[in-house]
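Peer 1: Below is the sequence, then the predicted model.
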Amino acid sequence: FPTRQPTDLPTTGPSKSPTPAPVTSEPTNFPTRQPTVAPNTGPSKTPTVLPSMSLEPIVFVPEVVELITDTGSKTVVQAAYFEVQGGDVWAKITNLKILTYGTRSIELYYKYGNAAPYEATPCAWKKVAETSSSWNPGYWKRVYPPWVNGFEPVVLPPNEKVSFYLVNTGTSYGILGQSHSNSNRYHGPWMSLDATSPVGAITISNGKGGYSDQRFKPKPDYSRGYGIYGGLKFETMQPGTTEAPTAAPTEPYTPGAIEIPLAGNSTKHVKGLQFEVENFGLEDIIIKKFSVLMAETGTHHLEVWYRDGSFLGSSGSGCNNWENWCNAWTKLTGTNVYSLGSGSFTTTPTFVAIAKAGAITSFAVVAPRSNLLTRNVTSGVMNNGLLQINLAKPIEDYYGNNVQTIFDLSSDVLFEGIIDYEIAHSECAVHSQAAWVVLDPIGANAAGFVVNAVDDVDDNEAEEVFEPYTKSAVKSSKN
């Protein structure tokens with residue numbers, strides 16, 4: 001039911017006083033703090049460091065491998081040819097080891113491909129190394145020789161063949177090897193490396209023999225063959241290496257001549273003339289023949305002699321100026337020639353004499369049973385910029401070998417004539433002058449080489465000696 005009286009009357013004012021309006025501050029002319037130069041906080045994660053890169057090249061260190069043997073019966077070897085067959089990787093041949101037996105001076109040559117039929121072709125080969133004639137290791141030494149100018153490394157391409165020729169020179173007696181009678185002198189292998197070797201499956205063959213101090217003169221085909229004791233040292237080559245072999249020179253020598261012309265006023269009769277030839281060049285010169293002025297026509301005996309150095313000076317009692325039984329001269333030729341007399345020059349047979357670069361070589365031309373013509377002079381040296389012919393001395397009498405005369409040297413005379421020569425651009429040009437050389441073994445002159453010549457007698461008589469302490473038998477012979 002409704003109440004009889006109303007509720008309280010409403011109030012006439014607000015229940016609370018109103019909140020005063022906020023006071024607004026005056027705006028400032030500048031910010032309250034300086035702005036930050038950098039962010040307040042760094043990145044949340046440290047960046048990844050880039051890998052470092054070395055600027056230094058990677059150095060290739062070659063592996064060294066030796067292929068050596070010296071087990072078995074032993075024979076003295078004067079010279080030997082043998083072949084090296086490469087494996088399936090590039091390698092270098094860096095040294096040769098030998099077993100000495102009275103060894104002194106030796107020379108080592110190489111060529112790419114088979115040794116045969118180039119054993120007697122000097123310009124097919126290149127010298128690798130040589131020892132000094134003063135080297136004297138004695139006997140039974142297993143050594144790498146002290147090469148005069150080091151050992152020139154020989155590159156062995158994969159699966160290719162390199163042939164070597166080793167020869168004793170001068171008074172060197174030999175090295176040691178093992179002889180064999182197989183008709184294939186280069187059969188093998190004489191020694192070999194396994195295919196797992198760092199340089200691959202390299203083999204060294206047996207080989208053919210040769211003669212000491214007669215470079216590039218192989219033994220006859222019926223002579224025994226040899227496998228040399230010692231062996232070779234090899235090095236691995238950096239991957240990607242493809243070194244090309246050095247080619248042999250294409251022009252081994254150049255011909256030339258020097259002449260003192262015929263004047264027609266030489267009337268002095270002498271048995272011979274001796275004179276100096278000076279080589280002012282940088283290369284050896286091969287003197288081939290003379291053309292000289294003879295007094296009489298017809299067939300006459302003519303000799304040519306030579307010696308290194310001057311013919312002037314004394315070598316002791318009874319040997320003045322290198323004459324009178326000095327044994328200081330080498331005979332180049334001595335044979336009959338046909339002379340046209342005083343009206344033209346007479347040519348000697350061809351010979352070989354080496355006028356060494358920068359040195360003097362002396363010659364003597366003698367007509368034992370006739371005369372040469374000359375004249376007294378005080379000048380007349382002939383120089384063509386390469387060779388110089390000095391004034392001559394007459395040989396007033398002649399008693400035979402070694403330019404024997406009893407007279408003292410008299411006043412200067414003139415050599416009238418021609419000297420034919422060849423400039424040797426390589427050592428092989430000098431070696432190629434030997435009588436047994438075959439310049440083109442597969443060409444027209446190959447048939448001119450007689451491998452079974454009468455003077456090439458193989459001595460099968462062997463003297464056994466024994467290695468000290470081991471009593472290992474050695475066969476020593478002129479093989």
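Peer 2: The structure has been received and is ready for your questions.
Peer 1: C-alpha only now, for contacts and for neighbours.
Peer 2: Fine.
Peer 1: Which parts of the stretch 201-350 of the chain are helices?
Peer 2: Read by DSSP state H, counting those that start in this stretch, the stretch 201-350 of the chain holds no helices at all.
Peer 1: Now do the end-to-end distance for stretch 134-150.
Peer 2: Stretch 134-150 has an end-to-end distance of 16 Å (CA to CA, to the nearest Å).
Peer 1: Now that stretch: average pLDDT?
Peer 2: Averaged across stretch 134-150, pLDDT comes to 96.
Peer 1: Also stretch 348-355?
Peer 2: For stretch 348-355, mean pLDDT is 91.
Peer 1: buried ones in that stretch?
Peer 2: Thr348, Pro349, Phe351, Val352, Ala353, Ile354, Ala355 (16 or more other CA atoms under 10 Å).
Peer 1: Narrow the residues you listed to those in strands?
Peer 2: Ala353, Ile354, Ala355 (DSSP state E).
Peer 1: Next, format these as CSV and append distance to Gly230.
Peer 2: Shown next, in CSV, are these (distance: CA to CA, whole Å):
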residue, distance to Gly230
Ala353, 36
Ile354, 34
Ala355, 37
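Peer 1: quick revisit: a markdown table please, covering the buried residues of stretch 348-355 and showing distance to Ser73.
Peer 2: What follows is those, written out as a markdown table (distance: CA to CA, whole Å):
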| residue | distance to Ser73 |
| --- | --- |
| Thr348 | 50 |
| Pro349 | 47 |
| Phe351 | 42 |
| Val352 | 40 |
| Ala353 | 41 |
| Ile354 | 41 |
| Ala355 | 44 |
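Peer 1: any idea which of the residues you listed is closest to Ser197?
Peer 2: When the buried residues of stretch 348-355 are compared for distance to Ser197 (CA to CA), Ile354 wins out at 46.6 Å.
Peer 1: Which residues are in contact with the closest one?
Peer 2: Asp284, Ile285, Ile286, Ile287, Val430 (CA atoms under 8 Å, 6 or more residues apart in numbering).
Peer 1: so what's the spatially most central residue of the chain closest to, chain neighbours aside?
Peer 2: Per CA atoms, centre = their mean, the C-alpha nearest to the average position across the chain is that of Lys127, at 2.4 Å. Among residues not flanking Lys127 along the chain, Tyr109 sits closest, at 4.2 Å (CA to CA, 6 or more residues apart in numbering).
Peer 1: quick check, that neighbour in a strand?
Peer 2: Yes: counting by DSSP: H, G, I helix; E, B strand; the rest coil, Tyr109 is part of a strand.
Peer 1: which stretches of the stretch 51-200 of the chain form strands?
Peer 2: 64-69, 74-77, 79-85, 91-103, 105-112, 126-130, 138-143, 154-156, 161-169, 175-180, 191-192 (DSSP state E, counting those that start in this stretch).
Peer 1: Please apply the same query to the stretch 201-350 of the chain.
Peer 2: Secondary structure of the stretch 201-350 of the chain (DSSP E, counting those that start in this stretch): strands at 203-210, 225-228, 230-236, 253-260, 268-270, 272-279, 285-292, 297-308, 330-340, 346-347.
Peer 1: How many residues are close by Ser314?
Peer 2: When neighbours are counted by other CA atoms under 10 Å, Ser314 registers 12.
Peer 1: what's across from it in the sheet?
Peer 2: Asn320 (DSSP bridges).
Peer 1: surely it meets Cys326?
Peer 2: No: in this structure, Ser314 is not within contact of Cys326 by CA atoms under 8 Å, at 10.2 Å.
Peer 1: Now do the same contact list for Pro261.
Peer 2: Contacts here follow CA under 8 Å, 6+ apart; on that basis Pro261 touches Glu416, Gly417, Ile418.
Peer 1: Name the residues of stretch 370-382 that come out as buried.
Peer 2: Residues of stretch 370-382 classed as buried: Ser370, Asn371, Leu372, Leu373, Thr374, Arg375, Asn376, Gly380, Met382 (neighbour count, 16+ other CA under 10 Å).
Peer 1: ok, so of those, who is nearest Ile389?
Peer 2: Using CA to CA, Met382 comes nearest to Ile389 of the buried residues of stretch 370-382, at 5.2 Å.
Peer 1: wait, what's in contact with that closest one?
Peer 2: Glu259, Ile260, Gln388, Ile389, Asn390.
Peer 1: Try it again at 6 Å.
Peer 2: Shown in contact with Met382 (CA atoms under 6 Å, 6 or more residues apart in numbering): Gln388, Ile389.
Peer 1: now swap in the one 4 residues further on and tell me
Peer 2: Under the criterion of CA under 6 Å, 6+ apart, the neighbours of Leu386 are Phe280, Gly281.
Peer 1: go on, Gly209?
Peer 2: Gly209 touches Ala79, Ala80, Lys219, Gly225, counting by CA under 6 Å, 6+ apart.
Peer 1: tell me, how many neighbours does the last one end up with?
Peer 2: It refers to Gly225. With other CA under 10 Å as criterion, Gly225 counts 29.
Peer 1: so Tyr109 sits right up against Lys126, yeah?
Peer 2: Yes: here Tyr109 reaches Lys126: they are 5.2 Å apart, a contact under CA atoms under 6 Å.
Peer 1: Please identify which of the ones in strands among the buried residues of stretch 348-355 is nearest to Pro198.
Peer 2: Ile354 (45.8 Å).
Peer 1: Show me what Val413 bridges to in the sheet.
Peer 2: Asn376, Ala392.
Peer 1: mind checking how far it is from Gly380?
Peer 2: When Val413 is compared with Gly380 (using CA to CA), they lie 9 Å apart.
Peer 1: tell me which residues in stretch 186-204 are buried?
Peer 2: 186-187, 189-193, 198-204.
Peer 1: Over to stretch 384-403?
Peer 2: 386-398, 401-403.
Peer 1: how about low-confidence regions in the stretch 1-150 of the chain?
Peer 2: Counting by pLDDT under 70, the stretch 1-150 of the chain has low-confidence residues at 1-57.
Peer 1: Now His180. Nearest residue, chain neighbours left out?
Peer 2: Gly225 (5.2 Å).
Peer 1: From what I see, the one you found and Arg185 are in contact.
Peer 2: Yes: between Gly225 and Arg185 there is a contact under CA under 6 Å: 5.3 Å.
Peer 1: got any residues that touch both of these two?
Peer 2: Residues within reach of Gly225 and of Arg185 at once, by CA under 6 Å, 6+ apart, are Gly207, Lys208.
Peer 1: tally of neighbours for the residue lying closest to Phe351 once chain neighbours are set aside?
Peer 2: Nearest non-adjacent residue to Phe351, counting by CA to CA, 6+ apart: Lys288, 5.2 Å away. Counted by other CA under 10 Å, the residues lying close to Lys288 total 20.
Peer 1: Let me know how buried Ser132 is, in neighbour terms.
Peer 2: 15.
Peer 1: quick one: contacts for it?
Peer 2: Ser132 neighbours (CA under 6 Å, 6+ apart): Ser105.
Peer 1: That one and Gly170: what is the separation?
Peer 2: Between Ser132 and Gly170 the distance is 10 Å, computed by CA to CA.
Peer 1: ditto for Leu340
Peer 2: 42 Å.
Peer 1: Name the residue in these two with the higher neighbour count.
Peer 2: Leu340 (17 against 12).
Peer 1: My guess is that one contacts Glu296. True?
Peer 2: No: in terms of CA under 6 Å, Leu340 does not count as a neighbour of Glu296; the distance is 7.4 Å.
Peer 1: What is the burial count for the closest residue to Thr171 other than its chain neighbours?
Peer 2: Using CA to CA, 6+ apart and skipping the chain neighbours, the partner closest in space to Thr171 is Arg104 (6.8 Å). Arg104 is flanked by 23 other residues according to other CA under 10 Å.
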